[in-house]
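Student: here's a sequence, model it:
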Amino acid sequence: MKDKKLRSSEWFGHNDKMGFVHRSWMRNQGHPDHMFDGKPVIGICNTWSDLTPCNAHLRDFAEIVKRGVYEAGGFPLEFPVMSLGETLMKPTTMLWRNLASMDTEESIRANPIDGVVLLTGCDKTTPSTIMGACSVDLPTIVVPGGPMLNGYWRGKKVGSGTLTWQLSEALVKGEVSGEEVREAESCMSRSAGHCMTMGTASSMACTVEALGLTLPNAAAIPAVDSRKKVMAHLAGNRIVEMVREDLKISKVLTREAFENAIKINAAIGGSTNVVLHLLAIARRLGVTLSLEDFDTLASRLPMIVNLMPAGEYLMEDLFYAGGLNAVIDAMQKHLRPAITVNGTTLVENAKNTANSNSKVIGDLENPFIKEAGIAVLHGNLCEKGAVIKPCAASPNLMNHRGRAVVFESIEDYHNRINDPSLDIDKDCVMVLQGVGPVGYPGMPEVGNMTLPKKLLDQGVTDMVRISDGRMSGTAYGTVVLHVAPESAVGGTLALVRNGDIITLDVANRRLQLEVSEEELAQRKKEWTPPQPQADRGYTKMYIENVNQADQGCDLDFLKGGSGAVVNRDLH
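Tutor: Predicted structure coming up:
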């Protein structure tokens, strides 16, 4: 494809008024004449921000990628997009995932870019940039920013996020002091990088590698390891080659690639958030993918990676044990022959990778959990589906029947959860309404509700919890999530009342509210939709156009793509 006309030549390749305009102002940065003479222009899409601590090192990574691009004969141009910092942004970064994808899409399309390098890290920075890139469909490669080094506190290995939930319960029970929590903060987060547990950031990094969008074995390399810098440099080399080969993102993200990613997410004990993001990405490309595929393809597959929150170790340990390549090699009989960004299939890239630590990476014959993939539930409480992560749940609660204790909003939950008079026991089912994509808005990670203090004091460690919200990938518990339709749009979840009996039967994929159809119909007549949480701006647009969880929570008008062609000039 060396003779293929470069897209950037429509900007830089003309000796007329517009060619003058496009080149002249770029020269104020010191670019010499030969940079405009037919070199592939590589856009480096940077999600760096001081307000996104997991991505705060990506400014340095951009310079390393540029070296690789220059070396391969390309012209690198870095550009910023909206960065989504999971630990700071309120009410939830999921509210802005689609906005960041629009930023990415339009920044790529509007500019003289032939190929794209996506610098990602924190949870939503990965799917948002990929969604945007899919809607333009140029050659694209991802450089994941990498996890933090393992956390250590008082002689014990601690995982980011997972320690948060442990400490929050300990605080409620009075087992740790505020001073001890402050001490733990820096012990948990002691280097650059994203969460080193198998939370959403690590799950998405592994998922993107399994999709074929990174160079082999990129996901698990710690952010501060020099080998991560090598990977960034080589990605700069490779994206120039991909432009010359016309290896577009749509050629990599096939149905087979999505199937591989779903199966690898089961093998690593990955986050439920991966479900939403893969559904949204697939819809941008027109790849057929449904919520049911996650259950059909992977729910019976084993977990062979022993990482927190479902296991014992962390991402640094996974890298030393062989990285995701060792996992892919162990899973090869379940995987499809899908091409990756280096032109070779996923399985071929990982062939014969040594597993250096069987305590961290198991195999199909000796898994850590036999059936670990995400289960998709149905029933009158979730007509369009809900999900649960069995590897993070309590086996004794996977078949459970209990009395509902209903919280109508997150504020209602906070106001009442530790009220000594709250009528709740360990066999109850906690139900949280109003935290879906429309109702909150944005579908925050509040589904793993902290248990009441009086039950924690009794030694209760888990209860069935149900909501239309999400759960952090670093969290754990018997938590039913992503209930669709959500309560704010009139799903059955909105009709649940205190004292109703709910049955959870994961083995048979059922979530049932034991209330007659006649009674539910009457409750629906009495139900009043909640007032929207915004009356202007992007949030209003989001509320009016967001899809439900079973479709990935993208905006309805963003389905598909608009391609890379821009026909009209600016002057």
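Student: so where do the helices sit in the stretch 351-500 of the chain?
Tutor: Chain-ordered helices for the stretch 351-500 of the chain, with DSSP state H, counting those that start in this stretch as the definition, fall at 410-416, 453-456.
Student: and those helices, which is most packed in?
Tutor: helix 453-456 (a mean of 17; mean count of other Cβ atoms under 10 Å). (C-beta placed from N, C-alpha, C; glycine too.)
Student: which strands or helices does that helix pack on?
Tutor: helix 162-173 (3 or more Cβ pairs under 8 Å, 6 or more residues apart in numbering; DSSP states H and E).
Student: can you list the domain ranges for the protein.
Tutor: 39-149+191-350, 150-190, 375-534+541-550 (automatic domain parsing).
Student: make a markdown table out of these and add distance to N28 and mean pLDDT.
Tutor: Below are the domains of the chain laid out as a markdown table (distance: least, Cβ to Cβ, whole Å; pLDDT from 0 to 100):
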| stretch | distance to N28 | mean pLDDT |
| --- | --- | --- |
| domain 39-149+191-350 | 14 | 98 |
| domain 150-190 | 39 | 89 |
| domain 375-534+541-550 | 36 | 97 |
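Student: indicate which one of the ones you listed is closest to V566.
Tutor: V566 lies closest, by Cβ to Cβ, to one member of these: domain 39-149+191-350, at 6.3 Å.
Student: longest helix anywhere in this protein?
Tutor: helix 226-245 (DSSP state H).
Student: what's that helix in contact with?
Tutor: Helix 226-245 is contacted by residues 1-2, 4, 6, 40, 42, 61, 64-74, 76, 114-117, 138-141, 143, 146, 214-215, 218, 221-222, 341-343 when judged by Cβ atoms under 8 Å, 6 or more residues apart in numbering.
Student: rerun at 6 Å
Tutor: With contact meaning Cβ atoms under 6 Å, 6 or more residues apart in numbering, helix 226-245 is reached by 1-2, 40, 42, 61, 64-65, 67-69, 72-74, 114-115, 117, 139, 141, 143, 146, 215, 218, 221.
Student: and these, which of them are buried?
Tutor: 40, 42, 61, 64-65, 68-69, 72, 74, 114-115, 117, 139, 141, 143, 146, 215, 218, 221 (16 or more other Cβ atoms under 10 Å).
Student: which ones among those are found in strands?
Tutor: 42, 115, 117, 141, 143 (DSSP state E).
Student: which two from the residues you listed end up farthest apart in space?
Tutor: G115 and V143 (13.0 Å).
Student: ok, the closest residue to L6 other than its chain neighbours to F557 distance?
Tutor: Once flanking residues are discounted, L6 sits nearest to D114: 5.2 Å by Cβ to Cβ, 6 or more residues apart in numbering. Distance, D114 to F557, by Cβ to Cβ, to the nearest Å: 27 Å.
Student: before we move on, the earlier item: as a markdown table, the helices of the stretch 351-500 of the chain with distance to H57 would be great.
Tutor: Shown next, in a markdown table, are these (distance: least, Cβ to Cβ, whole Å):
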| stretch | distance to H57 |
| --- | --- |
| helix 410-416 | 33 |
| helix 453-456 | 37 |
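Student: which one of those helices lies nearest to K156?
Tutor: helix 453-456 (20.9 Å).
Student: and the closest one, how far out from the chain's middle?
Tutor: The chain centroid and the centroid of helix 453-456 are separated by 32 Å, computed with Cα atoms, centre = their mean, to the nearest Å.
Student: next one: the longest helix of the chain to chain centre, how far?
Tutor: 23 Å.
Student: then stretch 30-40?
Tutor: For stretch 30-40, the distance to the chain centre is 37 Å (Cα atoms, centre = their mean).
Student: show me what counts as buried in that stretch.
Tutor: Buried, per 16+ other Cβ under 10 Å, within stretch 30-40: 35-36, 39-40.
Student: and if you look at stretch 145-165?
Tutor: Residues 145-151, 153, 157-165 are the ones in stretch 145-165 that count as buried (16+ other Cβ under 10 Å).
Student: roughly how far does T200 sit from G212?
Tutor: In terms of Cβ to Cβ, T200 sits 20 Å off from G212.
Student: and those two? Which one has more around it.
Tutor: More neighbours surround T200 than the other of T200 and G212, with 32 against 27 (other Cβ atoms under 10 Å).
Student: phi, psi for the residue lying closest to the more buried one once chain neighbours are set aside please.
Tutor: Distances taken as Cβ to Cβ, 6+ apart put G473 closest to T200, at 3.7 Å, once the chain neighbours are dropped. With angles defined as degrees, to the nearest 10, G473 sits at phi -60, psi -20.
Student: how about the contacts made by G473?
Tutor: Contacts of G473 (Cβ under 6 Å, 6+ apart): 199-200, 203, 271, 273.
Student: would you map the strands across this protein?
Tutor: Using DSSP E, strands in the chain cover 41-46, 75-80, 115-120, 140-144, 151-153, 156-158, 375-379, 382-388, 399-407, 429-432, 464-467, 479-484, 501-505, 510-513.
Student: mind putting these into TSV with distance to P441?
Tutor: Compiled in TSV, these are given as follows (distance: least, Cβ to Cβ, whole Å):
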stretch	distance to P441
strand 41-46	26
strand 75-80	25
strand 115-120	24
strand 140-144	28
strand 151-153	33
strand 156-158	33
strand 375-379	24
strand 382-388	18
strand 399-407	18
strand 429-432	15
strand 464-467	14
strand 479-484	15
strand 501-505	25
strand 510-513	23
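Student: just say which of the ones you listed is most tucked in.
Tutor: Buried most deeply of the strands of the chain, by mean count of other Cβ under 10 Å, is strand 140-144, with a mean of 30.
Student: next one: it to chain centre, how far?
Tutor: Taking mean C-alpha positions (Cα atoms, centre = their mean), strand 140-144 and its chain are 15 Å apart.
Student: by contact count, what packs against that strand?
Tutor: Packing contacts for strand 140-144, counted by 3 or more Cβ pairs under 6 Å, 6 or more residues apart in numbering; DSSP states H and E, involve strand 115-120, helix 226-245.
Student: partners of the shortest one in the sheet?
Tutor: In the sheet containing strand 115-120, its partner strands are strand 41-46 (parallel), strand 140-144 (parallel), by DSSP bridges.
Student: just to check, G85 is in contact with T52?
Tutor: Yes: using Cβ atoms under 6 Å, G85 is in contact with T52, at 3.6 Å.
Student: more neighbours: which of the two?
Tutor: In this view G85 and T52 are compared by other Cβ under 10 Å, and T52 has more residues nearby, 26 against 21.
Student: if I pick the more buried one, what's in contact with it?
Tutor: Contacts for T52 were tallied using Cβ under 6 Å, 6+ apart; they are 83, 85, 122.
Student: again with D505
Tutor: So D505 contacts N399 (Cβ under 6 Å, 6+ apart).
Student: relative to T164, how far out is it?
Tutor: 31 Å.
Student: cool, and L455?
Tutor: 20 Å.
Student: next one: L314
Tutor: Counting by Cβ to Cβ, the gap from L314 to T164 is 14 Å.
Student: same check on T92?
Tutor: T92 is 16 Å from T164, by Cβ to Cβ.
Student: also P127?
Tutor: 22 Å.
Student: V464 too?
Tutor: Where T164 is concerned, V464 sits at a distance of 22 Å (Cβ to Cβ).
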